[in-house]
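Asker: below is the structure, and that's it, no one-letter string:
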DNA sequence: AATACATCCAACCGCGATACC
DNA sequence: TGGTATCGCGGTTGGATGTAT
C-alpha cells in the first residue's frame, strides 16, 4: 500500500496563487496564527492543499521576509555556510534573517554556483576544480558509524590515524570565524576537574531539572555534582 | 517582428522524521 | 509497539520573462 496523498487532489487549485487567495491566507493566519496546515485550507475557504498554503506563507507572504537582491555579504555567508553544511538550505536560511530556504536554494543554483565556477571552485566540494579529487578519505571503524576517522593521504600511507578529538570533522574543519554551535545553556565555564573515577556529567533527566527522580541515572545531587550545567556534559541515555 | 534559446523563481512532489493514537 | 497522519525539507519542474539571432 502506498503513501496516502497529502490532500484531496480532485478539488484543489494548483499553480500560481491569485491575489484573492493570498489575501484569504494572510487574513486567516493573522486571525488564527500558523499551524495545522492540513485543516487550514478548509477553514480559510481556500481550494488548496495544506502543503501549498504552508509553502506560500513561508516563502512569499510572511511579513518578516526580506525581498530584493542578495548583498555581497550575504553571498559570502551563504558560500561559507554551504561549505560547512552542504545542501542544508533550511539551516543556512536560519542564519540569514528574512531569507527562505527556497530562495537561498534558487539563488545558489542560479547565481552562486556560477560565481564559484568562474573562480575555479567546484560548488559541490568548495575545492579548486584543478585540485586532486580528495586529499582526505573518510573511513568507518568496524561497524561503528559513529567512529568516523579522517585520514590524510600521507597518514593513510604511514598508518597513523588521527585522535578521537581530531576525528570530529565539525571541530577540525569548521570555519574559524563562524560559530555554528547551538546552545540553550548558560555561558560555558571551565568544568571542575573530576575526581578520579567519579562521574561528573549530568544525565538527561537532571538536565531537565529532574534531579533525584527515579529515572535519574547520574550521581549528582540537586545539580551540584556536575557544577554549572553545560550541554556538552549532558548525556542522552 | 518572429522565433529560439536561456534564465529565473514560485510551486510541486516525494520522502524522511516526528507526533499521535 | 506498530500503524497512520502530519510536517518540513531538498530536489525538480514548468511557466513567465529576458535576450539573442
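Answerer: Sure, I can see it. Treat the numbers as computed from the prediction; the structure is a model and nothing was measured.
Asker: please, where are all the helices along chain A?
Answerer: Taking DSSP state H to define them, one finds helices in chain A at A:19-32, A:40-44, A:50-56, A:72-85, A:89-94, A:101-107, A:113-118, A:153-158, A:169-172, A:204-207.
Asker: out of those helices, nearest to DNA strand C?
Answerer: Judged by CB to the nearest atom of the strand, the one of the helices of chain A that comes nearest to DNA strand C is helix A:89-94, at 3.5 Å. Where C-beta positions appear, they are placed from N, C-alpha and C, glycine not excepted.
Asker: is the closest one in proximity to DNA strand C?
Answerer: Yes. Helix A:89-94 lies within reach of DNA strand C by CB under 7 Å from any atom of the strand, at A:89, A:90, A:91.
Asker: pretty sure the first one is touching residue A:107, no?
Answerer: So the one you mean is residue A:89. No. Contact status for residue A:89 versus residue A:107: not in contact, 10.1 Å apart, counting by CB atoms under 8 Å.
Asker: low pLDDT regions in chain A?
Answerer: A:1-11, A:131-237 (pLDDT under 70).
Asker: 90 instead, please
Answerer: In the predicted model of chain A, residues A:1-16, A:18-26, A:28-52, A:54-56, A:58-77, A:80-88, A:90-98, A:100-103, A:105-106, A:108-237 satisfy pLDDT under 90.
Asker: residues from chain A in reach of DNA strand B?
Answerer: By the criterion of CB under 7 Å from any atom of the strand, the positions of chain A lying close to DNA strand B are A:3, A:6, A:13-17, A:48, A:51-52, A:55-56, A:59-60, A:102-103, A:105-107, A:109-111.
Asker: quick check on those residues: which are buried?
Answerer: A:17, A:48, A:52, A:55, A:56, A:103, A:107 (16 or more other CB atoms under 10 Å).
Asker: need the contact list for residue A:24.
Answerer: A:44, A:45, A:46 (CB atoms under 8 Å, 6 or more residues apart in numbering).
Asker: ok, so of those, who is nearest DNA strand B?
Answerer: Of all the contacts of residue A:24, residue A:46 has the smallest distance to DNA strand B: 11.2 Å, by CB to the nearest atom of the strand.
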